[in-house]
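**Student:** Pasted the sequence and its predicted model underneath.
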Amino acid sequence: QDGYYLAKLLKSKNYTVHGLVRRSAGRHAERERVFEYLDERIAGDVTDFGTLCRIFEQHDYDEVYHLAAQSFVAESFSDPFSTWKINTVGTLNVLEAIRHFAPNVRLYNAASSEMFGNEPAPQAINTPFMPRSPYGVSKLAAYQLVKNYRESYNLYACSGILFNHESPIRGEQFVTRKIVKAAVAIKKKRQKELRLGNLNAMRDWGHAEDYVQAMHMMLQHARPTDFVIGTGKTYSIRDFCLYTFDHFGMNYENYVTVSPEYYRPAEVNQLQADIQPALFDLGWQPTHTLKTLIADMITYEWNNS
Ligand code: G4F
């Protein structure tokens, strides 16, 4: 999702865009679509240090956006080892390869609001980090590595602590796409119910198309600086269901059931970004509200399912 919107943005600014793409046996339409704006696909994997070194040795990049991750929080509880390897060792590989072969590159690292855990909302850049999942821990370690490399080796390396960001092409396991997909399928009489986990968790949801603008702006900033990026608003999963089903004149309570299988061993209860520095120091602001985000997701789903 983020790679797609970022490549689209960079192409609109006349960049040449290369994408590091993991080899995959299958080719399905949605996966292919995300490559639409790439000038070149470079086969590779962030867990493979040798390949990264070779890539940075052979190309003279100006900017690097490190978005590669095992980004599904629930999966990190069932597979913490690969989460750690991809998210933390992967970031270390990128940093080491840049340090040795491309020390003048500007690096953006995708950090996450999951790093805050249950610290009280709103969360800001100086809020303590208390992650509640192997995913959050892996992202926090990567965040600290980026900071450490910036300070130790004078690299232009910074992290965006991004709150949840969604879009029509969000992965289907994430709760927003799952809800939108189900509401459309129910309206089209292809599905009868939707099983979810914790409806009371609250998230600060923005549109990925807005958030890639912030990534780009961070790399144009005079000094490498970490920023919190969100909308500053928070809503529950229940609210998201209510607005989505309401779009079709349906009451979500008639279709949504709570199933313990979707509960996590530990939950992050409420995320809400303090976006003052993003507004005033970075000059970025979101253009979407939760309702326009949901409308965009519904339109796509309705036309493509
Ligand atoms: O959509 P989610 O899976 O996203 P989550 O866990 O907040 O993580 C996302 O945002 C992070 C930024 O804060 C990113 F770093 C991360 O990579 C990812 O993009 O779940 C959102 C909430 C959770 O509280 C979860 O418990 O929805 C709750 N939920 C309730 N029922 C469910 C479900 N989540 C999923 N995926 N599926 C359910 O059925």
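**Tutor:** On my side now, so go ahead.
**Student:** if I look at the residue of the stretch 201-305 of the chain found nearest the ligand, how far off is residue 288?
**Tutor:** Taking Cβ to the nearest ligand atom, the ligand has its nearest neighbour within the stretch 201-305 of the chain at residue 201, 3.1 Å off. In this view, the C-beta of every residue, glycine as well, is placed from N, C-alpha and C. As for residue 201, its distance to residue 288 is 21 Å (criterion: Cβ to Cβ, to the nearest Å).
**Student:** just to revisit the earlier point, contacting residues for the residue of the stretch 201-305 of the chain closest to the ligand?
**Tutor:** The contact partners of residue 201, by Cβ atoms under 8 Å, 6 or more residues apart in numbering, come to 236-237, 267-270.
**Student:** From these, keep the buried residues only.
**Tutor:** 236-237, 267-268, 270 (16 or more other Cβ atoms under 10 Å).
**Student:** so which of those also contact the ligand?
**Tutor:** Here is what survives when the buried ones among the contacts of residue 201 are matched to the ligand using Cβ under 6 Å from any ligand atom: 237, 267.
**Student:** ok, so of the buried ones among the contacts of residue 201, who is nearest residue 16?
**Tutor:** Distance to residue 16 across those (Cβ to Cβ) is lowest for residue 268, with 38.1 Å.
**Student:** Check for me that the closest one belongs to a helix.
**Tutor:** No: going by DSSP: H, G, I helix; E, B strand; the rest coil, the assignment for residue 268 is coil, not a helix.
**Student:** Near the ligand, which residues of this structure are found?
**Tutor:** Near the ligand, when you scan the chain using Cβ under 6 Å from any ligand atom, you find 71, 73-74, 112-114, 163-164, 173-175, 178, 196-198, 201, 203, 237, 262, 264, 267, 271.
**Student:** Inside strands: which ones of these?
**Tutor:** 112, 196, 203 (DSSP state E).
**Student:** Let me have those in TSV, extended by neighbour count and pLDDT.
**Tutor:** Converted to TSV, those look like this (neighbours: other Cβ atoms under 10 Å; pLDDT from 0 to 100):
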residue	neighbour count	pLDDT
112	26	98
196	20	98
203	24	98
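**Student:** So residue 170 is in contact with residue 2, correct?
**Tutor:** No: between residue 170 and residue 2 there is no contact under Cβ atoms under 8 Å: 10.0 Å.
**Student:** Quick check: neighbours shared by these two?
**Tutor:** Common neighbours of residue 170 and residue 2 (Cβ under 8 Å, 6+ apart) are residue 208.
**Student:** Could you tell me which residues within stretch 14-32 count as buried?
**Tutor:** Quick answer for stretch 14-32 (16+ other Cβ under 10 Å): 15, 17-21.
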